[in-house]
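Trainee: My questions concern the predicted model and sequence given below.
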Amino acid sequence: MRRAQFGLALLLATGCLWNPVLLMADEPFRPAPGSFPPLEKAHTYRGELVFVDHANRRGSLRVQGSGMFFRNDPDPFVMLPCGIVRYHGAPA
């Protein structure tokens, strides 16, 4: 009887601990201002560069999805001040 009560108490305690963790997993990642996000949160995109605004460090990338570039809408992006665009290994 005592083991059953202990097991039930342990199950309830771990359930209460897991609940906030599971709720946090549903929220999107938001980096803290002034710091870089961890490497495991990084995303890689491949596609066609369709628009570049050099002065404002903005552009649009048509991400390769179904193998047809013209079927995907361009996705706008903003580069970080320390970001570098490279083309064939050289700064572009």
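Mentor: Perfect, thanks for sending it.
Trainee: For burial, what's the neighbour tally of Arg62?
Mentor: 18 (other C-beta atoms under 10 Å). Where C-beta positions appear, they are placed from N, C-alpha and C, glycine not excepted.
Trainee: which element is it on?
Mentor: Of the helices and strands defined by DSSP states H and E, Arg62 is found in strand 58-63.
Trainee: what's the helix or strand that that strand is followed by packed up against?
Mentor: The element immediately downstream of strand 58-63 (helix or strand, assigned by DSSP H and E) is strand 75-78. With contacts defined as 3 or more C-beta pairs under 8 Å, 6 or more residues apart in numbering; DSSP states H and E, the packing partners of strand 75-78 are strand 58-63.
Trainee: strand partners of the strand holding Arg62, parallel vs antiparallel please.
Mentor: Strand pairing for strand 58-63, determined by DSSP bridges: strand 47-53 (antiparallel), strand 75-78 (antiparallel).
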